[in-house]
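Participant: Pasting a predicted model and its sequence here:
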Amino acid sequence: MRSSSRLFAAAIVGVLAGCNQPAVSPKPPAFQSSESTVRDWNDVADGIAAQLTTSGLLASTAQPGLAGQPATRPVFIHVQAPDSAFIQQVATRLESDLLQGGTELARTPTGATVVNLDVNFVRWGPRDKPPGPAGTIAAVSAIPGIVIGTSAPMSTWVAADAAAFTALGMGAFYDLVIAATPTMNAEAVWDATIVTNDRVVMKLQAPVYIRAADIPLYAKATSLRPIASWTTAAPLPSRRLRYDP
C-alpha cells in the first residue's frame, strides 16, 4: 500500500515538473449580462438613467445639482455610434426614461447635460477547454446514489420519495449550471460618459455577452467624438467685408 502511494505521488510530481507553462489562475465568481432581446438593451438604458439620478445630474429646482452647475438643465443624448442598432435603441429608451422622470430633453447640446453613448465589441476565438465544472457536477451526481445505497434496505415508497426529490434537486442544479455557463464567444462593451472641457463628470462602462452572429447590431462604421456638457455656442467672429469698385 505504501509503495503504491509513493508511486502515485511520484507520478503527480513528474506531471507537475514536466509542465513548461505556468498554471492558469482560477477566476473568482462573477456575473455579466447576456444580450439576446431588446428588453436586455432597455435594461442598459434603465441603468444609465438610474445612475444619472443617483449622481444628482438630473437635478431640478426642488433638488439642486452639483456646485457651479445650473439648478435646472435639460439633457441632450449624443450618439457616438450613429449606425449601431444597439446604441440607437439604448438612446431611445433613455429618452423615454428621462421624460417619464420629469427631465426635459434638449435638441441641441448648448447649455445641456450631454450624455455620450458609445459601444465597442470584441470577438474571441474558440474555447480551448470545455466550459463549466464538469468534474464537480459528476461528483455531485454520484452523492445521491451513494447515500441511497448506504441507506438500504428501505421500503419501496421511501426509496421512490428519495429518488424523486433527488431527481428534482439535481435537475434544478443542472439547469442552474447550464443557464450560468457562458456559451457566446463575443462581447460588447458599452459606455456612457458626461464630460466638460476639463473634467470627466460621469463614466459608466460594462461588458455584455453577445452572439457572434449579432455583431452587426453592435458594430459601427462611424465613431463621433464626445461632446462637452454645459457649454455655450461661441459666436462667429466678425469679419470685415470689402467690395471692389
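Facilitator: Structure received.

Participant: SS state for Arg107?
Facilitator: Assigned state for Arg107: coil (three-state reduction, DSSP: H, G, I helix; E, B strand; the rest coil).

Participant: For it, list the residues it contacts.
Facilitator: Phe76 (C-beta atoms under 8 Å, 6 or more residues apart in numbering). The way it works is simple: take the backbone N, C-alpha and C, and place the C-beta from them, glycine included.

Participant: Under the pLDDT cut-off, which ranges of the protein? List them.
Facilitator: Scanning the chain with the threshold set as pLDDT under 70 gives 1-20, 59-72, 129-135, 137, 139-159, 162-163, 233-236, 238, 244-245.

Participant: Give me the neighbour count for Leu105.
Facilitator: Neighbourhood size, Leu105 [other C-beta atoms under 10 Å]: 14.

Participant: ok, now Gln205?
Facilitator: The burial count for Gln205: 11, using other C-beta under 10 Å.

Participant: quick one, helices of the chain?
Facilitator: With DSSP state H applied, the chain shows helices at 2-17, 38-54, 85-100, 134-150, 156-180, listed in chain order.

Participant: so who does Ala228 touch?
Facilitator: Neighbours of Ala228 in contact, by C-beta under 8 Å, 6+ apart: 109, 114, 195-197.

Participant: Apply 7 Å and report the result again.
Facilitator: In this structure, Ala228 makes contact with 114, 195-197, judged by C-beta atoms under 7 Å, 6 or more residues apart in numbering.

Participant: Tell me what it is bridged to.
Facilitator: In this entry, Ala228 is beta-bridged to Val195, by DSSP bridges.

Participant: From Val201, how far off is it?
Facilitator: Plainly put, Ala228 is 10 Å away from Val201 if you go by C-beta to C-beta, to the nearest Å.

Participant: joint contacts of those two?
Facilitator: By C-beta under 7 Å, 6+ apart, the residues touching both Ala228 and Val201 are Val195.

Participant: Now do the contacts for Trp41.
Facilitator: Listed by C-beta under 7 Å, 6+ apart, the contact set of Trp41 reads 35, 86, 89-90.

Participant: List just the nearest of those to Asp214.
Facilitator: Nearest to Asp214 among the contacts of Trp41: Glu35, at 7.5 Å, using C-beta to C-beta.

Participant: could you measure Cys199 against Leu57, distance?
Facilitator: Rather than Cys, residue 199 is Arg. Arg199 sits 13 Å away from Leu57, going by C-beta to C-beta.

Participant: who's more crowded, the two?
Facilitator: Neighbour tally, Arg199 and Leu57, criterion other C-beta under 10 Å: the higher count belongs to Leu57, 20 against 9.

Participant: which residue packs closest to that one, ignoring adjacent ones?
Facilitator: Once flanking residues are discounted, Leu57 sits nearest to Thr113: 5.9 Å by C-beta to C-beta, 6 or more residues apart in numbering.
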